[in-house]
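**Student:** sequence and computational prediction follow.
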Amino acid sequence: MPVNTVLSVKNMSFSYGAMEVLRDVSFDVLKGDYIGLAGPNGAGKTTLIKTILGLTDGYTGSAELLGMERRNFNTWNRVGYLPQRVNAFNPLFPAKVKEVVGLGLLSKKSFPKRFNAADEVKILQTLDLMGAADLGDKLVAELSGGQQQRVFLARALAPDPELLILDEPSTALDPVSREGFYDVIKKLNKERGITTILITHDTAQIGRYANKLLYLDKRVIFYGQFGDFCHSPEMTAYFGEFSQHLICHQH
Amino acid sequence: MFHFLSYAFIQRAYLAGSFIAALCAMLGLFLVLRRLSLIGDGLAHVSFGAIALGLFFGFYPFYVAVPVALIASYFILKLTEKAKMYGDAAIGIVSSVGIAGGVILAGLSKGFNVDLFSYLFGNILAISGREVYLSLALSLAVLLVILVFYNDLFSATFDQEYAKLTGVKTDRINLLLTSLTAVTVVLAIKVVGIMLVSALLILPAVTALQLAKGFKFAMFLSVLAAVLSVIAGITVSFFMDLPAGAAIVMCNVLFFSAALLSKKLVR
């Protein structure tokens, strides 16, 4: 794996029982890339991400993450993850924003996993970066969807990850908050060099931010620069000429 | 008026009851937030079977109940994970086996039905010196484990998937939580009995959740409500000649009602 390759997936296949979800998926992500991962419902996008993150097991093929085979990878503080449903937690849980952001730092801790003063500073700095410094002592359950999204992104960013993976982060956001959220991600990618993979249904919008598109429908339909997406014969074969024209017109 | 405090059995009841109630309150908070509130009920029912087993073979019942409840908690966890069923169904299965086993043993034996049924409602006022020491030792051990694994327990309760990603061994933490609950439930049977043990796990936790603005504060409130309920319940039961377990539970209900009311008034 070349030095600047952050993630290398080779011939990855995965099934839930008899249902095939991923078929022979291969792609490389380079340092500094901002990848939009798109595809229809049930295309295997979330499964692909969860497999890479070690949250789902039983795949065939290989995935090399930050220079190490995923099955042996254990420095999870190098990877930040924003899950699809950030409001999946129990709404009765009286967790403060600071406590939730601190969870992102647990991956750096060894037994008995105690937080120290430096961690407190890091939590506040990360909240400040997300424009959420004033939310630290509030309960997460009492925040709006947009505020919760920022808090959970802060949790993912707290350990200073090299790779950031976001699963449909804009679902709960209104259009204005969505633009703001995408701007923050782009800034992190550009200024801090954080390699980013963002799952989205909105190929038109992600085209304004990401430099590459991975279009998945169980297998890789297209992977390359955004500029090549509209002229790709694979995409034309997949969508048909008329639909392809419509998508690219929106883009 | 306070001469009753000089009675050794009252002192033992306050001491052991407070420790056990505090443990239930801490563990109950994790269980309620994980929607596993009824695991206490299930494990108490299993303990019924285990106590019957102990009485049947002439062993000290609590020495049988602790390992059996630990094994049952493991089965509940594995049924939930491996058999793809919700926790309530797994608790229901294990609970039924415990009750059925106890009833069969009671039917086979003609001599211990009175002893067995005394465990249904508990009697903290009759706790022996040996049981106080046992309760204190186990309580301190469970408390130490909670303190050591606090961040892992918090993380796995808040968001299991993310906890796993950050290196928390969620399988082990889940096993740890259910095992601690099993030991605590067996201890709590002495305080309120098999029928009411889940009240000690659930009521202080839901009382705290009405008012708390933070997890640690919720834990503090939960412990406070539990300990005050035990002290008030034992005192009321002494002066009014009421069953202590039921009085403790009713005090817990009063605290919960007060918390609910004050929350509504604040709004």
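**Tutor:** That came through, no problem. These numbers were taken from a predicted model, which means no experiment stands behind them.

**Student:** which residue sits closest to residue 151, ignoring its sequence neighbours?
**Tutor:** This is for chain A. Leaving aside its chain neighbours, A:Val151 sits nearest to A:Val97 (5.2 Å; criterion: Cβ to Cβ, 6 or more residues apart in numbering or on different chains). (Glycine included, C-beta is placed from N, CA and C.)

**Student:** hm, I was asking about chain B
**Tutor:** Distances taken as Cβ to Cβ, 6+ apart put A:Lys113 closest to B:Asn151, at 4.7 Å, once the chain neighbours are dropped.

**Student:** cool, and B:Leu36?
**Tutor:** Nearest residue to B:Leu36 in three dimensions, chain neighbours excluded: B:Gly87, at 5.3 Å (Cβ to Cβ, 6+ apart).

**Student:** packing partners of the helix or strand hosting A:Leu22?
**Tutor:** Here A:Leu22 sits within strand A:19-30, counting by DSSP states H and E. Counting contacts by 3 or more Cβ pairs under 8 Å, 6 or more residues apart in numbering or on different chains; DSSP states H and E, strand A:19-30 is packed against strand A:5-16, helix A:45-52, strand A:60-65, strand A:195-199, strand A:219-225.

**Student:** wait, which of the ones you listed is closest to chain B?
**Tutor:** Minimum separation from chain B across those (Cβ to the nearest Cβ) falls at helix A:45-52, 8.4 Å.

**Student:** same question for the host helix or strand of B:Ala52, mean pLDDT?
**Tutor:** Assigned by DSSP H and E, B:Ala52 belongs to helix B:39-57. Mean per-residue pLDDT for helix B:39-57: 92.

**Student:** buried set for that helix?
**Tutor:** Buried residues in helix B:39-57, counted by 16 or more other Cβ atoms under 10 Å in any protein chain shown: B:39-56.

**Student:** wait, isn't the residue nearest to A:Val151 in contact with A:Glu142?
**Tutor:** No. Using Cβ atoms under 8 Å, A:Val97 makes no contact with A:Glu142, being 9.7 Å away.

**Student:** between those two, who's got more neighbours?
**Tutor:** When A:Val97 and A:Glu142 are compared for neighbours, A:Val97 comes out ahead with 26 against 13, by other Cβ atoms under 10 Å in any protein chain shown.

**Student:** give the contact list for the closest residue to chain B within chain A.
**Tutor:** When scored by Cβ to the nearest Cβ, chain A has A:Ser107 as its residue closest to chain B, at 4.0 Å. Counting by Cβ atoms under 8 Å, 6 or more residues apart in numbering or on different chains, A:Ser107 makes contact with A:Thr75, A:Trp76, A:Asn77, A:Pro159, B:Leu165, B:Thr166, B:Gly167.

**Student:** how close does the residue nearest to A:Val151 sit to B:Ser96?
**Tutor:** For A:Val97, the distance to B:Ser96 equals 43 Å [Cβ to Cβ, to the nearest Å].

**Student:** which stretch of helix or strand covers the residue nearest to B:Asn151?
**Tutor:** Using DSSP H and E, no helix or strand contains A:Lys113.

**Student:** might you enumerate the residues of the stretch 101-250 of chain B proximal to chain A?
**Tutor:** Residues of the stretch 101-250 of chain B found near chain A (Cβ under 8 Å from any Cβ of the partner chain) are B:148-149, B:151-152, B:154-155, B:157-159, B:161-168, B:209, B:212-215, B:217-218.

**Student:** filter these down to the buried ones.
**Tutor:** Here, 16+ other Cβ under 10 Å leaves B:149, B:151-152, B:154-155, B:157-159, B:162-168, B:209, B:212, B:214-215, B:218 buried among these.

**Student:** how many other residues sit next to B:Leu77?
**Tutor:** The local packing of B:Leu77 (other Cβ under 10 Å) involves 20 other residues.

**Student:** tell me the contacts of it?
**Tutor:** B:Leu77 makes contacts with B:Ala90, B:Asn174, B:Leu175, B:Thr178, as judged by Cβ under 8 Å, 6+ apart.

**Student:** hmm, the third one is touching B:Tyr74, no?
**Tutor:** Yes. Between B:Leu175 and B:Tyr74 there is a contact at 6.9 Å, judged by Cβ under 8 Å.

**Student:** tell me which residues of the lowest-mean-pLDDT helix or strand in chain B come out buried.
**Tutor:** Lowest by mean pLDDT, DSSP states H and E among the helices and strands of chain B is helix B:113-121, with a mean of 79. Across helix B:113-121, burial judged by 16+ other Cβ under 10 Å covers B:Leu116, B:Tyr119, B:Phe121.

**Student:** so which residues of chain B form helices?
**Tutor:** Ranges of helices within chain B are B:8-33, B:39-57, B:61-82, B:87-108, B:113-121, B:129-148, B:150-158, B:160-165, B:170-192, B:197-211, B:215-240, B:244-266, based on DSSP state H.

**Student:** what parts of the stretch 101-250 of chain A come near chain B?
**Tutor:** Checking the stretch 101-250 of chain A against chain B by Cβ under 8 Å from any Cβ, the hits are A:Leu103, A:Gly104, A:Leu106, A:Ser107, A:Lys109, A:Pro112, A:Lys113, A:Arg114, A:Phe115, A:Asp137, A:Leu139, A:Arg155.

**Student:** which of those residues scores worst on pLDDT?
**Tutor:** The member of these with the lowest pLDDT is A:Pro112, at 83.

**Student:** now it. Nearest residue, chain neighbours left out?
**Tutor:** Excluding its sequence neighbours, the residue lying closest to A:Pro112 (Cβ to Cβ, 6+ apart) is B:Val148, at 5.3 Å.
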